[in-house]
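Novice: Next come a sequence and a model predicted from it.
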Amino acid sequence: MLNSRKTWFYLAGCLFCLEVFIAAFMHDRIVRPYVGDLLAVVFLYCFVQSWVAVPTKPTLLAVLLFAYGLEVAQYFHLAARLGLAHSSLALVVLGSHFEWIDLLAYTAGAGLVWAAEWGVGLARARPVRHV
């Protein structure tokens, strides 16, 4: 089931809508900053899987490094250096400020994906018993 590109695309679409909802309506200190970052990694993984058939490890590593790279770009104020400091879209995509704990949220998102893929792998490997 999860090998279907349509399924991965559907999951990515649902996660994207959830991320937009969080960005637009959640103004708290936990869900928006940390759950949003965790889900961003899950979204990117699902989005990549919806386009290309690649193994879990390299895809997850690439997505995690990309997320880390965006956080490092925030440390160096990339949006301001590119003249995009007043663009709300750029600030949503690139982020506006660096926080070490965001790296943990990204890592937790990767861990969630890893655990889900591992669980699906176990379920597929389990023989079906007919009673």
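Specialist: Sure, I can see it.

Novice: where does the residue nearest to the spatial centre of the chain land on pLDDT?
Specialist: Note on the chain: the residue nearest the mean C-alpha position is residue 41, at 1.6 Å, using C-alpha atoms, centre = their mean. The confidence metric pLDDT takes the value 97 at residue 41.

Novice: And the one 3 residues further on, by the same measure?
Specialist: We note a pLDDT of 97 for residue 44 in this prediction.

Novice: try residue 87
Specialist: Per-residue confidence (pLDDT) for residue 87: 86.

Novice: I'd say it and residue 93 touch.
Specialist: No. Contact criterion C-beta atoms under 8 Å: residue 87 and residue 93 do not qualify, at 9.1 Å. C-beta coordinates here come from the backbone N, C-alpha and C atoms, glycine included.

Novice: Quick one: find the helix or strand in this protein with the lowest mean pLDDT.
Specialist: Least confident helix or strand of the chain, by mean pLDDT, DSSP states H and E, is helix 88-94 with a mean of 79.

Novice: got the buried residues for that one?
Specialist: Neighbour counts over helix 88-94 (16 or more other C-beta atoms under 10 Å) mark 90, 91, 94 as buried.

Novice: a markdown table for those residues, including distance to residue 51?
Specialist: What follows is those, written out as a markdown table (distance: C-beta to C-beta, whole Å):
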| residue | distance to residue 51 |
| --- | --- |
| 90 | 24 |
| 91 | 26 |
| 94 | 22 |
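
Novice: ok, of those residues, which one's closest to residue 20?
Specialist: If you rank these by distance to residue 20 using C-beta to C-beta, residue 91 comes first, at 14.6 Å.

Novice: Excluding chain neighbours, what is closest to that closest one?
Specialist: Sequence neighbours aside, residue 79 is the residue nearest to residue 91 in space, at 5.9 Å (criterion: C-beta to C-beta, 6 or more residues apart in numbering).
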